[in-house]
Each structure stands twice: as C-alpha cells, then as structure tokens.
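Q: What would the 3D arrangement of this be:
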Amino acid sequence: MLVPDLGTDLPRVNPDSYRPMPHQPGERRLLSVPAIQPDVVLLHGQQGDELGNVQFHGGCFFDPLLAQAAKRVVVSVDRIVDTATIRKNSRLTKLPAAFVHAVVEAPYGAHPSSSAAQYGLDETHMREYVKASSSPESFADYLQRYVRDCKVEADYHALVGMKHLASLNIPVAA
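A: I've put the predicted structure just below:
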C-alpha cells in the first residue's frame, strides 16, 4: 500500500518495510508499506448476536479493515441480542459473522473510552490514565490496580464504581 511520506525516519530505521517510491519533482512523496496481518484483533461494538454479527451505532472507523486483515477477531459488545434484532437493523451490521471468531458481552467494555449511543468518554479516568503514563512506575501501578488486581469484569466495575459508569450513559431519546 502507498502512504504519504511525511518526512519520518521510518524508511531509514526500517528500510525493508518502508520503501520510498519514485516520484517526479513537485509530486507528493509516497512510501510503499507491506500489509499487516495481526494474529488477533480486539474490537468493541455496541451489540452483536451469538453468531458473531456485530453492529455499530456510530462510526466503526477502521474496525472492518482490521477484522479483514487479522487471522482471528474477538469483539466485545455492550450487549448480546438475538439474531432477529440484528436482522431488523441489518444496515448497522458492519462486521458479519464470517469475520468474527468470538463475541463477548462486556457492558462498558470500551471504558474509559466511549461507546456510540451507549456511554460517553470518562474524562476523569482518562486524565488518571494520562498522568499514570508519565513514568514506567506509575503506569505499572495503574496496570496493577485496573488490570491485574481485577480478576473478573465485576471487580473492574466495582473499582470504577457502577454509579460512576452509569453517569456516563447517554440518555435514550423518547
């Protein structure tokens, strides 16, 4: 694939992957880069069925492309619904079951980020995350608290606080 050459050192430090393409004076400089094929990609959608059809209630960005490139695709969804519900609004299905190897129900699974039409960004937690990433030691503490010490999803929800998580919910229009 061709990508714009933004003047980075990538061709110098990784010449096998980033190759400058020939160009005429005044033409945009481009780099040739090989396709990636991740072993596993983890994505989050708003709802899916047990077959693996996943729907997005907002933008899905590069998720379908990532799913097509990966060897295995695991998707967390805010809720699992029956296939009839998926079929009623099939236009929302951006990841059909053929691309999905596993779907997992994980309410607030995108936290501290947002999930379209479900809940908003947790700005307080994001500030904590950014502050924690300022040093290897503080980030290790963050990971210990929010990842390693949380043995199950309910532990994480309890740590963050269900009342706080619920305060992020986007109201449903009447």
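
Q: neighbours around residue 96, how many?
A: 15 (other CB atoms under 10 Å). Where you see a C-beta, it was placed from the backbone N, CA and C, and this is true even at glycine.

Q: For the closest residue to it other than its chain neighbours, list the residues it contacts.
A: Spatially, and ignoring its direct neighbours in sequence, residue 96 is nearest to residue 53 (5.7 Å; CB to CB, 6 or more residues apart in numbering). Counting by CB atoms under 8 Å, 6 or more residues apart in numbering, residue 53 makes contact with 83, 86, 93, 95, 96, 97, 100.

Q: wait, doesn't the third one sit right on residue 55?
A: Yes: A contact is recorded between residue 93 and residue 55 when judged using CB atoms under 8 Å, the distance being 5.2 Å.

Q: and for those two, which residues touch both?
A: residue 86.

Q: Compare these two and say which is more crowded by neighbours.
A: residue 55 (21 against 18).

Q: Make sure the more buried one is actually in contact with residue 97.
A: No: using CB under 8 Å, residue 55 makes no contact with residue 97, being 11.7 Å away.

Q: Spell out the secondary structure type for residue 42.
A: With DSSP: H, G, I helix; E, B strand; the rest coil as the basis, residue 42 sits in strand.

Q: Tell me how many other residues surround it.
A: If you count neighbours by other CB under 10 Å, residue 42 ends up with 15.

Q: swap in residue 39?
A: Neighbour number of residue 39 under other CB under 10 Å is 7.

Q: any idea how this protein splits into domains?
A: Listed domain ranges for the chain are 2-32, 37-106, 118-174 (source: automatic domain parsing).

Q: Tell me how far the residue nearest to residue 96 lies from residue 99.
A: For residue 53, the distance to residue 99 equals 10 Å [CB to CB, to the nearest Å].

Q: Name the residues linked to the spatially most central residue of the chain by a beta bridge.
A: In the chain, the C-alpha nearest the mean C-alpha coordinate belongs to residue 43, at 4.5 Å (CA atoms, centre = their mean). Note on residue 43: beta-bridge partners residue 75, judged by DSSP bridges.

Q: Which strand or helix spans residue 45?
A: Applying DSSP states H and E as the criterion places residue 45 in strand 40-48.

Q: For the closest residue to residue 41 other than its chain neighbours, grab the count of nearby residues.
A: Once flanking residues are discounted, residue 41 sits nearest to residue 70: 3.9 Å by CB to CB, 6+ apart. Residue 70: 19 surrounding residues under other CB under 10 Å.
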